[in-house]
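Peer 1: 3D model of this:
(chains A and B)
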Number of protein chains: 2
Amino acid sequence: MAEMPAKAKTCVGCHGADGNSLVPNFPKLAGQHAAYLEKSLKDYRDGFRHDATMKSFAKGLSDAEIKDLAAYFSAQPAK
Amino acid sequence: MAEMPAKAKTCVGCHGADGNSLVPNFPKLAGQHAAYLEKSLKDYRDGFRHDATMKSFAKGLSDAEIKDLAAYFSAQPAK
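Peer 2: Numbers count the residues shown, from 1 in each chain, chains lettered A, B, ... in the order given. A predicted model of the protein is given here:
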C-alpha cells in the first residue's frame, strides 16, 4: 500500500485517520473510487463544486498531488 | 435493514445494485454517512452541486424521499 502523502495530514482531520470519517457530514473516502476522489478535488479546486473548507485546501494542490491523495484514500479499507 | 425505496431503482443503474458502484467515475454510496448522502442529493436538487444527470434525477425528489434513499444506501455494506 502506498505511503500516506504529506498533504493527506490535512484531510484526516475531518475525514478520519484512514479516510473512514466518523463525522456524519464529512464523507468517508476509504475504498472510494480514485477517479471519483480525483474529480471531487479538482472540482473543488477549479470551482465546479462549492465548499469553503475544501476549496481552501484544494486550491493549493497540483494535479499530481491530487492523484496521489485520491490513490491513497481509495486504497484504504472501508470500515 | 430497510427495504429498497422505489426510487433507488434509478440510482443503482450507475451506483451499483447495493450502492457499490463498479464504475470509477461514479461514487460508491454503500456505507457512506446518510447525512452526507442526504446533503449531496439536496445540493444537486437545489443547485449547489452540479451534474446534469444527478440534477435531472434529484429535482423530482422530496425531502422525505431523499432521507429514505440516503438511509437505504448508508445501510448497505461497503465492499
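Peer 1: up against chain B, what does chain A have?
Peer 2: By Cβ under 8 Å from any Cβ of the partner chain, the part of chain A that sits against chain B consists of A:21, A:23-28, A:31-36, A:39, A:48-50, A:78. Any C-beta I mention is one placed from the backbone N, CA and C, and that applies to glycine too.
Peer 1: now the buried members of the residues you listed.
Peer 2: A:21, A:26-28, A:31-34, A:36, A:39, A:49, A:78 (16 or more other Cβ atoms under 10 Å in any protein chain shown).
Peer 1: show me where chain A has helices.
Peer 2: A:8-15, A:34-46, A:52-58, A:63-75 (DSSP state H).
Peer 1: could you dump these to TSV with mean pLDDT and distance to B:Asp68?
Peer 2: Shown next, in TSV, are the helices of chain A (pLDDT from 0 to 100; distance: least, Cβ to Cβ, whole Å):
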stretch	mean pLDDT	distance to B:Asp68
helix A:8-15	95	26
helix A:34-46	97	23
helix A:52-58	96	27
helix A:63-75	98	28
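Peer 1: may I see the ones you listed organised as CSV, with distance to B:Asp63 added?
Peer 2: Converted to CSV, these look like this (distance: least, Cβ to Cβ, whole Å):
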stretch, distance to B:Asp63
helix A:8-15, 25
helix A:34-46, 24
helix A:52-58, 24
helix A:63-75, 30
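Peer 1: A:Tyr72 and A:Lys9 touch, don't they?
Peer 2: No. Judged on Cβ atoms under 8 Å, A:Tyr72 makes no contact with A:Lys9 at a distance of 11.3 Å.
Peer 1: those two: which is more packed in?
Peer 2: A direct count of neighbours by other Cβ atoms under 10 Å in any protein chain shown for A:Tyr72 and A:Lys9 places A:Tyr72 higher, at 23 against 9.
Peer 1: I appreciate the help and will end here.
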